[in-house]
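> Next come a sequence and a model predicted from it.
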Amino acid sequence: MNIYCFGISHHTANIEVRERFAIPDSALADSLTRLAKIRNVDEGVLLSTCNRTEFYIVSPDAQLTVEPLFHDFYGLLEITEFEHLFRLAAVPTVRHLFRVASGLESMVIGETEIFGQVKRAYEAAAKSGTTGRILNRLFQKAFQVGKHVRSSTGITRGRVSVGSVAVDLAEQIFGNLAGCKIMILGAGETSERTAKSFQSRGAKQLFVSNRSYERAAALAETMGGRAIRYDDWEKEFRDLDILVSSTAAPHAIVTRAKLEPILRTRRDRPLFIIDLAMPRDVEPAVHDLDGVFVYDLDSLQTIADRTLEARRKELDSCDGLIEKHVRDFQMWLNRAAEMTVLPVATERPRT
Amino acid sequence: MSSFDRFWVELALICYVLGFGYSVYSLAAKRFLTPRITFLAICAGFLCTTIFLFDRGHAIGRCPITNRFEVLVFMTWSMVLIYLVIGSTYRLSLMGAFTAPVASALLLLAVTLSPDGSATQKIRVNPWLEAHTSFSMVACGAFALACVAGVMYLVQEQQLKTRQPGSIFYRLPPITALSVANSRLLWLGFILFTVGLATGFLIGQRIDWVQAVWSIAVWCVYGGILIARVRHAMAAKWVATLSILAFSLLLSTFWGIRFISDRPSL
């Protein structure tokens, strides 16, 4: 028996090419049935995400290639499209799946969403009856490896998007965000995204202010917050904990001179300002005030980049862990191959 | 002092150093910190000092604060006792990493610089003197922990201001929780110190004015910090800084005052 992985990913093709191979969730069950009917395919799992479409195949054919398989599956493909496909056989397939499940092959290294996607792909295949002893074992092992890598290394540590870095910082300043009063200044898409990030971490008291009151009211309604007229936003500063500013103002609207007298009337609670505007809404000197922390796009992006860099440094130790599991699986595969008859599809899949 | 009861203090010192060492190792290696190990080391150290204080108290028939050695051990014990209560209350898990080095330093001082820790024979007990010394020492423990919370606050503040949060940043408690803990510990210490100071005047012996003036000065310093805090006249950063300076002053002047005062024992 031979294990293969055929597919396309963000490493080999751009999104225009990848989307031609993508398999939507709604078509997955039919696709698995179609795959099972292809000659020389004993077992199969289809993994299709926005960054990859991969076929994990077990076949008696030791020379199985990608072209005939994809011809049979997708119909006629153009010659140029084959340039983007990859083929892995035997141990590299095992290693590849373990890396995919651990998030090492993802566009954002260490992201954890892929683990769930691999799990769902396997469950769909198991439900359609296209997995057997080898793929059951391989995928169970992949889940074990994914968990091991995530818990034993720093590959998932920290945040890699500007919005989540900002929310993390807010939590490190205030702890629970439920009691924090948050003002969103500017009702654009950036503000909405950031407000949603805060809400997802428990923030409840949201206030929205915008030059156009109607837009502020619309966003406030979506978020379950309260709209404030643009002329009044400074009055709310006294009790504010977090300010997210992303207006289109051509100059700084939060200045040290404006803030200093307000800070004297506040209790000594810190003030966290997230300036997502370009040009900046907040004068840099505001950051020098005691108890005020201003983070602009650059500083948030720098933290996100450093996290990604730290994750990249973890790659070697992740690969070290994965190699050990690859060897274990290889030994199991060798022992299974020594058996005269491999009882394919006799083991119930565990989910 | 018998070598046996000194053994408990040395064992406690080893526990605190191990707890501190583990925290430093975890942070340097950027591994996931398991506060439980530091916490267990601190608990073990606390148990050892408790055994020492119990044995010594039993031997001399009074609260074991009769010489510098005992005072330092008692102060360490008080600080760790408050940490064990405060730590779980405010979930300041990493506070252990900061408490362990202070406890280690105090016990190291006791073991190396205060060798005169011999257990004396039973002496007559003055309950006001007992109350005065024990309240004052537990107050020092609270001030020590306020100093620890202050250090943690300043570390967080510095990381936020430089906009370069390191691995320690995400493991420290939120800066507002540290500010609250710092403030409450200052209050706790101040109340205990006030009770200690008041009972000092009820001992019934001749008042050592050098010690009395020094104690009142310490009381005024901490009182001043708290008034500034209540009136919001001072940013949390400065309260944290002052709580560190005040405790440093308290520790550094302690022996000087003992040296020039005319009463040889507490």
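Good, I have the coordinates. Numbers count the residues shown, from 1 in each chain, chains lettered A, B, ... in the order given.
> tell me which parts of chain A are close to chain B?
Within reach of chain B by C-beta under 8 Å from any C-beta of the partner chain, chain A has these residues: A:154, A:158, A:168-169, A:171-175, A:267-270, A:287, A:290-291, A:293, A:295, A:299, A:302-303, A:310. C-beta: built from backbone N, CA, C; applies to glycine.
> and those, which are buried?
Buried subset of the residues of chain A next to chain B (neighbour count, 16 or more other C-beta atoms under 10 Å in any protein chain shown): A:154, A:158, A:168-169, A:171-175, A:268-270, A:287, A:291, A:293, A:295, A:299, A:303, A:310.
> Can you tell me which residues in chain B are near chain A?
Checking chain B against chain A by C-beta under 8 Å from any C-beta, the hits are B:30-32, B:156, B:160-161, B:163-165, B:169-170, B:172-177, B:179, B:229, B:232, B:234-238.
> residue contacts, A:Ile114?
A:Thr49, A:Val100, A:Ala101, A:Gly103, A:Glu105, A:Ser106 (C-beta atoms under 8 Å, 6 or more residues apart in numbering or on different chains).
> For the last one, give its distance to A:Leu219.
Distance of A:Ser106 to A:Leu219, given as C-beta to C-beta, to the nearest Å: 32 Å.
> Helices of the stretch 101-250 of chain B, start to end?
B:127-162, B:175-200, B:209-230, B:236-260 (DSSP state H, counting those that start in this stretch).
> Pick the most deeply packed of these.
helix B:127-162 (a mean of 23; mean count of other C-beta atoms under 10 Å in any protein chain shown).
> Pairing partners for the nearest residue to A:Ala62 once chain neighbours are set aside in the sheet, please.
Counting by C-beta to C-beta, 6 or more residues apart in numbering or on different chains, A:Ala62 lies nearest to A:Asn2, which is 5.4 Å off, once chain neighbours are set aside. Under DSSP bridges, the beta-bridge partners of A:Asn2 are A:Ser59.
> Measure how far stretch A:36-43 is from the centre of its chain, please.
On the basis of C-alpha atoms, centre = their mean, to the nearest Å, stretch A:36-43 sits 32 Å off its chain's mean C-alpha point.
> ignore the last one, stretch A:25-40
27 Å.
> Could you pull out the buried residues of it?
A:Leu28, A:Ser31, A:Leu32, A:Leu35, A:Ile38.
> what two of these have the greatest distance between them?
Checked with C-beta to C-beta, these reach their widest spread between A:Leu28 and A:Ile38, with 15.8 Å between them.
> mind checking the SS state of the residue of the stretch 251-351 of chain A found nearest chain B?
When distances are taken as C-beta to the nearest C-beta, the stretch 251-351 of chain A reaches nearest to chain B at A:Asp290, 3.7 Å away. Under DSSP: H, G, I helix; E, B strand; the rest coil, A:Asp290 falls in the coil class.
> Spatially nearest residue to it (excluding sequence neighbours)?
Once flanking residues are discounted, A:Asp290 sits nearest to B:Ala235: 3.7 Å by C-beta to C-beta, 6+ apart.
> Pull the CA coordinates from stretch B:214-229 and hand them back as CSV.
Output of stretch B:214-229 as CSV, limited to C-alpha atoms (Å, rounded to 0.1, in the frame of the first residue of the first chain):
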residue,chain,number,x,y,z
TRP,B,214,12.0,56.4,63.4
SER,B,215,8.7,54.4,63.6
ILE,B,216,6.6,57.6,63.4
ALA,B,217,8.7,58.7,60.4
VAL,B,218,8.0,55.4,58.6
TRP,B,219,4.3,55.8,59.5
CYS,B,220,4.2,59.3,58.1
VAL,B,221,5.9,58.2,54.9
TYR,B,222,3.4,55.5,54.2
GLY,B,223,0.5,57.7,55.4
GLY,B,224,1.7,60.4,52.9
ILE,B,225,1.7,57.9,50.1
LEU,B,226,-1.8,56.7,51.0
ILE,B,227,-3.2,60.3,51.3
ALA,B,228,-1.8,61.1,47.8
ARG,B,229,-3.4,57.9,46.5
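> which outside residues touch that stretch?
Counting by C-beta under 8 Å, 6+ apart, A:268, B:136, B:143, B:183, B:186-187, B:189-190, B:193-194, B:197, B:200, B:233-234, B:238-239, B:242-243, B:246, B:249-250, B:253, B:257 sit against stretch B:214-229.
> returning to what we had before: make a markdown table from the helices of the stretch 101-250 of chain B and add mean pLDDT to it.
Listed next are these as a markdown table, based on pLDDT from 0 to 100:
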| stretch | mean pLDDT |
| --- | --- |
| helix B:127-162 | 88 |
| helix B:175-200 | 91 |
| helix B:209-230 | 88 |
| helix B:236-260 | 82 |
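> What does the pLDDT read for the residue sitting furthest away from the middle of chain B?
Here the centre of chain B is the reference, and by C-alpha atoms, centre = their mean the most remote residue is B:Arg163, at 31.7 Å. We have a pLDDT of 92 for B:Arg163.
> Apart from its chain neighbours, what residue comes closest to B:Val138?
That would be B:Ser78: by C-beta to C-beta, 6+ apart, it lies 4.3 Å from B:Val138.
> ditto for A:Arg280
In space, and not counting its chain neighbours, A:Arg280 is closest to A:Asp296: 5.6 Å by C-beta to C-beta, 6+ apart.
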